[in-house]
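Engineer: got a predicted structure plus its sequence, pasted below:
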Amino acid sequence: MFETATARPQGFAVRCTRALLSPWSRLSLLVVLLAAAGTCVLLFEPQRLLSDGWPAQLGGATAVALFAVAYGACTAAFVPRPLLNLAAGALFGSQAGLVAAVAGTVFGAGIAFGLGRMLGQDALRPLLRGRWLKAADGQLSRHGFRSMLAARLFPGVPFAAANYCAAVSRMGWLPFLIATGLGSIPNTAAYVVAGARASTPTSPVFLIAMGFIAVTGLAGATVAWFKRHHFRSGR
C-alpha cells in the first residue's frame with residue numbers, strides 16, 4: 001500500500017509536468033508573453049526613453065552597445081523599428097547609429113525567433129494546412145536564406161510576422177540571422193540617416209534618404225502584389 005501511495009503522487013507529478021511542457025501550454029505561454037510585451041509598450045512607450053530619456057553620461061561604444069540591446073528588446077515587444085532607427089540616427093549619427101540599429105535588429109529578431117521556435121513551433125506546425133500557409137512554410141524551409149533576405153530588403157512583410165513565420169518553419173538559426181542582418185542594412189540606413197539629418201529636412205542627404213524609403217516601400221508592395229499568384233498556386 002505504501003508503494004502504491006508513493007507511486008500515485010509521482011504519476012500525478014509526471015502528468016502535470018507533461019501538461020505544462022505540452023506544445024499547447026508552451027504556445028499559451030508565448031501568447032501571454034507577447035500580450036504582456038505589447039501592453040507594456042502601449043503603457044510605458046519605451047521607444048521614447050531611447051531618444052528623449054537616454055542618459056547623457058553614456059557615450060562611445062558602451063552607449064552604442066546598450067542602445068542595441070534596448071533596441072532588440074523593444075523590437076521583440078513590437079515597438080516599430082522605423083521609430084527606433086530614427087532615434088539611433090538622432091542620438092549617434094549616421095555611422096554609429098547604423099551599427100546600433102542593425103545590431104539591435106538582429107538581436108531582436110533572434111529573441112523573437114527563439115521564442116517562436118521553443119514555444120510555438122510544435123503546436124503551430126500541424127495547423128499548416130492552408131495552401132498559402134504551406135507555400136510560405138515550404139519557401140522558408142527550403143530557401144530560408146534568400147526568402148528572409150528578400151523579406152528584409154523589401155519592407156512589405158512586417159518585421160515581427162517574418163520572425164515568427166521563420167520560427168515556425170524549419171529554417172535554421174544561422175541563415176535567419178545572417179539574412180536579417182544583411183537584408184536590414186539598406187532600409188535601416190535610410191531611416192538612420194534621416195534621423196541624423198532631421199534637423200535639416202531640406203538637405204539633399206535627408207531628401208535622398210526619404211526618397212529611398214518611399215521607393216523601397218513601393219517596390220515591396222509591388223513584389224507582394226505579384227507574389228500572390230505564387231502563393232495561390234501553392235508552389
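Structural biologist: Okay, I see it.
Engineer: quick one: the residue nearest to residue 185 when sequence neighbours are not counted and residue 31, what's the gap?
Structural biologist: What sits nearest to residue 185 in space, not counting adjacent residues and going by C-beta to C-beta, 6 or more residues apart in numbering, is residue 102, at 6.0 Å. Every C-beta, even on glycine, is put in place using the N, C-alpha and C of the backbone. Taking C-beta to C-beta, to the nearest Å as the measure, residue 102 and residue 31 are separated by 29 Å.
Engineer: who has more neighbours, the two?
Structural biologist: Using other C-beta atoms under 10 Å, the more surrounded residue of residue 102 and residue 31 is residue 102, with 22 against 12.
Engineer: and that one, what's its pLDDT?
Structural biologist: pLDDT for residue 102: 97.
Engineer: and it, what is it in contact with?
Structural biologist: Shown in contact with residue 102 (C-beta atoms under 8 Å, 6 or more residues apart in numbering): 181, 184-185, 188.
Engineer: these two touch, right, residue 169 and residue 144?
Structural biologist: Yes - under the criterion of C-beta atoms under 8 Å, residue 169 makes contact with residue 144 at 7.1 Å.
Engineer: follow-up on the earlier one: pick out the most distant pair among the contacts of residue 102.
Structural biologist: Distances among the contacts of residue 102 were taken as C-beta to C-beta; the most separated pair is 181 and 188, at 9.9 Å.
Engineer: if you count neighbours, what's buried in the helix or strand hosting residue 102?
Structural biologist: If you go by DSSP states H and E, residue 102 is part of helix 81-115. The neighbour-count check on helix 81-115 (16 or more other C-beta atoms under 10 Å) flags 81-92, 94, 96-113, 115 as buried.
Engineer: coming back round to it: which of residue 169 and residue 144 has more residues huddled nearby?
Structural biologist: Set side by side, residue 169 and residue 144 show more neighbours around residue 169, with 25 against 20, by other C-beta under 10 Å.
Engineer: do you know the pLDDT at the more buried one?
Structural biologist: 83.
Engineer: got it, and the one 4 residues further on?
Structural biologist: At residue 173, the pLDDT value in this model is 93.
Engineer: for residue 87, see how far away it is.
Structural biologist: 28 Å.
Engineer: low-confidence stretches in this structure?
Structural biologist: Within the chain, the ranges that satisfy pLDDT under 70 run 1-24, 46-57, 120-137, 223-235.
Engineer: that one: helices as residue ranges?
Structural biologist: With helices called from DSSP state H, the chain shows them at 2-20, 23-44, 46-51, 60-76, 81-115, 121-124, 131-142, 144-153, 159-168, 173-196, 204-233.
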